[in-house]
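next come a sequence and a model predicted from it.
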Amino acid sequence: MAIESESRQYELMEKTIVINRTSKVVEGGRIFSFTAVVVVGNGKGKVGFGIGKSDEVPVAVQKATDQAKKSMIQVPLKGNTIQHPITGRHGASRVYMRPASDGTGVIAGGAARAIFEVMGVENVLSKCIGSTTAINVVNATFDGLKRQKTIKMMSQKRGVNILSKLAPKRVVKEGESS
């Protein structure tokens, strides 16, 4: 029974973003091959993507899914949105991502939308700038997500207790001891 509960715990959602067909001209005609881009996520901030190539579509999708499961990262979320605004870059693609208030929804284009949906983000604003090629947009989105930091992470990096800075200071009146 423990095995069943573990499999439910690690249940992953997967989405195929794009399948590209390429052809090679040879003496006997054309040879087609396929490239698949797949994202996989657990709906709780863990997400990965993979690219698979093969002569058949199902094999390419399976290869991409296997690679996506191996390359998963944990993204720190703030409720059901991202931590802070950030721009991810890859090649000529730029993806600007901004947290949104509750009820906004996922405002993003095709490839970025699929990533946010499998990751479990419900409210985010996103804009693709430059190249909108699916593979480049996926890489740029992951670049931005990898660089997400929490307040706790930044305070540890800087060696400052941020919570003490945010807490209101208590005014000591005459005659009281602190």
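Now that the structure is in, tell me what you want to look at.

can you name the element that comes right after the helix or strand of the chain with the lowest mean pLDDT?
When each helix and strand of the chain is scored by mean pLDDT, DSSP states H and E, helix 2-9 comes last, with a mean of 43. Going down the chain from helix 2-9, the next helix or strand is strand 13-26, by DSSP states H and E.

who does that following strand pair up with?
strand 29-41 (antiparallel) (DSSP bridges).

quick one: name whatever helix or strand follows the partner strand.
strand 46-54.

helix or strand for the closest residue in space to residue 41 that isn't next to it in sequence, just tell me which one.
In space, and not counting its chain neighbours, residue 41 is closest to residue 118: 3.2 Å by Cβ to Cβ, 6 or more residues apart in numbering. Every residue, glycine included, has its C-beta placed from N, CA and C. Assessed by DSSP H and E, residue 118 sits inside helix 110-119.

just give me how far that helix sits from the chain centre.
Offset of helix 110-119 from its chain centre (Cα atoms, centre = their mean, to the nearest Å): 7 Å.

tilt between it and strand 29-41?
Using axes from the mean of the first three to the mean of the last three Cα atoms, to 10 degrees, the inter-axis angle of helix 110-119 relative to strand 29-41 is 40 degrees.

now helix 110-119 - C-alpha only, PDB.
Extracted as PDB, the C-alpha positions of helix 110-119 are listed here (Å, rounded to 0.1, in the frame of the first residue of the first chain):
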ATOM      1  CA  GLY A 110       1.700  29.200 -25.700                       C
ATOM      2  CA  ALA A 111       5.000  27.700 -24.500                       C
ATOM      3  CA  ALA A 112       5.200  29.900 -21.300                       C
ATOM      4  CA  ARG A 113       1.500  29.100 -20.500                       C
ATOM      5  CA  ALA A 114       2.100  25.400 -20.600                       C
ATOM      6  CA  ILE A 115       5.000  25.700 -18.200                       C
ATOM      7  CA  PHE A 116       3.000  27.800 -15.700                       C
ATOM      8  CA  GLU A 117       0.100  25.400 -15.900                       C
ATOM      9  CA  VAL A 118       2.100  22.200 -15.100                       C
ATOM     10  CA  MET A 119       4.100  24.000 -12.500                       C
END
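
with that, I have no additional questions.
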